[in-house]
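**Q** Sharing a sequence plus its predicted fold:
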Amino acid sequence: MKKIFFIFLSILLFVSCNNNETSNNEFDPIEITFTKIGKGTLSGSGQENIFQSNLIIQNQIEWQSLITILYC
């Protein structure tokens, strides 16, 4: 009885797994252009007005603040 159940289950899984994807699920790659905002290394000593830390930018205002510090 167990063998019949496992055979039936195997056939069911095999039939249900198909590779027919619709166009809605396909991946459309896009080209990303990068902009360099600075060059060099940050020493973490505070010389750049950015002290060593784990800085996490969570919104546009924090990003603009960092850019202002880097360019001053």
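**A** Thanks, I have it. Quantities reported herein were computed from a predicted structural model and do not represent experimental measurements.
**Q** list the buried ones in the helix or strand encompassing residue 12?
**A** Using DSSP states H and E, residue 12 sits within helix 2-16. Within helix 2-16, no residue counts as buried by 16 or more other CB atoms under 10 Å. For every residue, glycine as well, the C-beta is placed using N, CA and C.
**Q** What helices and strands are in contact with that helix?
**A** Using 3 or more CB pairs under 8 Å, 6 or more residues apart in numbering; DSSP states H and E as the contact test, no helix or strand touches helix 2-16.
**Q** got a list of contacts for that helix?
**A** The contact list for helix 2-16 (CB atoms under 8 Å, 6 or more residues apart in numbering) is empty.
**Q** all helices for the chain, in order.
**A** 2-16, 60-71 (DSSP state H).
**Q** CA atoms only: put the first one into PDB for me.
**A** The C-alpha coordinates for helix 2-16 follow below in PDB (Å, rounded to 0.1, in the frame of the first residue of the first chain):
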ATOM      1  CA  LYS A   2       2.900   2.400   0.800                       C
ATOM      2  CA  LYS A   3       4.500   1.700  -2.500                       C
ATOM      3  CA  ILE A   4       1.300   2.600  -4.400                       C
ATOM      4  CA  PHE A   5       1.000   5.800  -2.400                       C
ATOM      5  CA  PHE A   6       4.600   6.800  -3.100                       C
ATOM      6  CA  ILE A   7       4.200   6.000  -6.800                       C
ATOM      7  CA  PHE A   8       1.000   8.000  -7.000                       C
ATOM      8  CA  LEU A   9       2.600  10.900  -5.100                       C
ATOM      9  CA  SER A  10       5.700  10.800  -7.400                       C
ATOM     10  CA  ILE A  11       3.600  10.800 -10.500                       C
ATOM     11  CA  LEU A  12       1.600  13.700  -9.200                       C
ATOM     12  CA  LEU A  13       4.700  15.700  -8.300                       C
ATOM     13  CA  PHE A  14       6.300  15.000 -11.700                       C
ATOM     14  CA  VAL A  15       3.200  16.000 -13.600                       C
ATOM     15  CA  SER A  16       2.600  19.200 -11.600                       C
END
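**Q** can you give me the mean pLDDT across that helix?
**A** For helix 2-16, mean pLDDT is 83.
**Q** Correct me if wrong: residue 63 contacts residue 57.
**A** Yes: using CB atoms under 8 Å, residue 63 is in contact with residue 57, at 5.2 Å.
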